Structure formats: structure tokens, C-alpha cells
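*Asks:* Turn this into a model:
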Amino acid sequence: MSPDLLRTYQEMKSEIARVIIGQDQVIDEILVAVGRKPTIDALNLPAAGVETDDKGIKVDSALRTAQKHIYAAGDCSGGPQFTHWAEYEARIASRNALFKGKSKCSIRLVTSVTFTDPEVASVGLTMEEARERNKISVHTHRVRLEKVDRAVCEGEPEGFTKVVTGKWDKILGVHIIGRTASELIHIGQLAMTFGATLDALVQNVFNYPTFAEGYRIAALNGINKIKHKV
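*Replies:* Numbering: from 1, shown residues only. Purely as a prediction, here's the structure:
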């Protein structure tokens, strides 16, 4: 590596560390995850009449390819590259291939988790996506983990729980950063599955002290904020 390029690389590492960590800090290396691409070229799928694109094998909502008797599931079908999503698609594809009726995949409620420290998890829409798609009043309801007693007790106050709601306070998305975020996100996922509103989080009785209680505190914070604006 040339001296100029090496110097630029070192400067880039320092800048990324400053942005992510919030302070100047020397780090050894940077790992950049740029995604994965299905390796399907060797299958010679065009010979079977199966269509592909840059993302992988083209399928419909029932995971059928251009050849109706051929199904594809998982990373090769161009959807979210998560193990849990691949397993979900495998269930849909096998059911459709072997039994009558056509089940369809729904990406609306797929969860996304990054197993870092702290963990990052989300489901549904962000505030920006909700405003763009719904063209209606959208609110966010948030609590920092430093306000959740269980997080304080365990010395894990970094992070937050945020709930995005739309018309009639219907829950449109949940986003969590913090310890056990990968577990907590399923509460929001289940609430969205049944079309729950913010009131469901307020009225639910959560165990105390738990990280899950952050849902109720976030909902209460949001309701109080809306009332004060009115």
C-alpha cells in the first residue's frame, strides 16, 4: 500500500471511530459489511425457464418462479438475508409445493436484528417511511434505557425503545437499541400482527423490573407529549 493511501486509510479509520464511538480513539481495523449475492450462475437456471435478476431468482408472493412447478426460498430469492426469514420462506414454499392452496409471504412484519453490543433491532416502518407511505399524522414514542429501572440495575443504560404510530395510534413500527433488543422486538412484532394500538402497551401489565417495561414507558411518554402539544 502506498504511503499516501495508507495515510488516507488511517485517517478514515480515526474518523469512523470518532463518529461511532463519539471520541477520538485508535482502532486496529474496520470491517465493512456490504451484503451478499446469491451464487446461482452454475445452476444454469435459464435453461429451465427460471428467470433471475441482480438480486437472485425472481419469485412471486407465493415463492413460485417463472416455472409454476419450481419454487425458491431463502437468500437466493432476493428477499431479506436473515436466517429467520429463510426459514419462514421455506415453510411457505414447501406448503405451496406440496399442498392445495397458496400461502403468501408478507415482508411487512419481518424483524431485523444486528447482534452487536448493544444489540439493534427493528420491525415495521421508521418515522420517515410511515410519513411517506401514510401521508397522515405520524408520532414517535420513545424512552431511553436510563429511564428503565431494570437497565439501570444491570448497568446497561445505553440505548432506547421507540414506537412509531399512525392514525388512531395504531403501531406501525418498533425500533430498539440496547441489551436483549433481539428478544424485546418480538413484543412489538406481535402487537403489530394483531393491529394493536398504543393503548395496548399502556394498559398491559409488564413484570417489574424488566427491559420490556420500556414499551409501556415509551407509550406513556408519547401520549403525554401529544397531550401537551394539544
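*Asks:* what's across from the one residue sitting closest to the centre of the chain in the sheet?
*Replies:* Centroid check for the chain by C-alpha atoms, centre = their mean gives residue 112 as the closest residue, at 2.7 Å. Beta-bridge partners for residue 112, by DSSP bridges, are residue 122.
*Asks:* Can you give me the distance of the nearest residue to residue 64 once chain neighbours are set aside to residue 125?
*Replies:* By the measure of C-beta to C-beta, 6 or more residues apart in numbering, the closest residue to residue 64 outside its immediate chain neighbours is residue 71, 5.8 Å from it. For every residue, glycine as well, the C-beta is placed using N, CA and C. Here the distance between residue 71 and residue 125 works out to 29 Å (C-beta to C-beta, to the nearest Å).
*Asks:* same question, residue 114
*Replies:* Where residue 125 is concerned, residue 114 sits at a distance of 18 Å (C-beta to C-beta).
*Asks:* So between these two, which is more surrounded?
*Replies:* Comparing residue 114 with residue 125 by neighbour count (other C-beta atoms under 10 Å), the higher total belongs to residue 125, at 22 against 13.
*Asks:* Contact partners for that one?
*Replies:* Applying C-beta atoms under 8 Å, 6 or more residues apart in numbering to residue 125 gives the contacts 133, 164, 172-173.
*Asks:* rerun that using 10 Å as the cut-off
*Replies:* 108, 131-134, 138, 164, 166, 171-175, 192 (C-beta atoms under 10 Å, 6 or more residues apart in numbering).
*Asks:* Tell me which of these has the lowest pLDDT.
*Replies:* Lowest in pLDDT among the contacts of residue 125 is residue 134, which has 70.
*Asks:* That residue and residue 168 touch, don't they?
*Replies:* No - Residue 134 lies out of contact with residue 168 (C-beta atoms under 10 Å); the separation is 11.6 Å.
*Asks:* Of those two, give the one with the bigger neighbour count.
*Replies:* Remark: of residue 134 and residue 168, residue 134 carries more neighbours, 14 against 10, as counted by other C-beta under 10 Å.
*Asks:* so how far is residue 61 from the more buried one?
*Replies:* Residue 134 sits at a distance of 22 Å from residue 61 (criterion: C-beta to C-beta).
*Asks:* Residue 122 now?
*Replies:* Residue 122 sits 22 Å away from residue 61, taking C-beta to C-beta as the criterion.
*Asks:* If you count surrounding residues, which of those two has more?
*Replies:* Neighbours were counted for residue 122 and for residue 61 using other C-beta under 10 Å; residue 122 has more, 22 against 12.
*Asks:* Next up, the contacts around that one.
*Replies:* By C-beta under 10 Å, 6+ apart, the contact set of residue 122 is 110-114, 162, 164, 173-177, 181, 185, 188-189.
*Asks:* Now for the spatially closest residue to residue 115 that is not a sequence neighbour, which secondary structure element holds it?
*Replies:* For residue 115, ignoring the flanking residues on the chain, the nearest one in space by C-beta to C-beta, 6+ apart is residue 182 at 6.6 Å. Element membership of residue 182 [criterion: DSSP states H and E] is helix 181-193.
*Asks:* Check which helices and strands the helix or strand following that helix sits against.
*Replies:* Once the chain leaves helix 181-193, the next helix or strand it forms, by DSSP H and E, is helix 198-203. With contacts defined as 3 or more C-beta pairs under 10 Å, 6 or more residues apart in numbering; DSSP states H and E, the secondary structure elements packing on helix 198-203 are strand 139-144, strand 160-165, strand 171-178, helix 181-193, helix 213-229.
*Asks:* Dump these into JSON lines; add distance to residue 38 as well.
*Replies:* Supplementary listing: these in JSON lines, determined by distance: least, C-beta to C-beta, whole Å:
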{"stretch": "strand 139-144", "distance to residue 38": "36"}
{"stretch": "strand 160-165", "distance to residue 38": "32"}
{"stretch": "strand 171-178", "distance to residue 38": "28"}
{"stretch": "helix 181-193", "distance to residue 38": "25"}
{"stretch": "helix 213-229", "distance to residue 38": "37"}
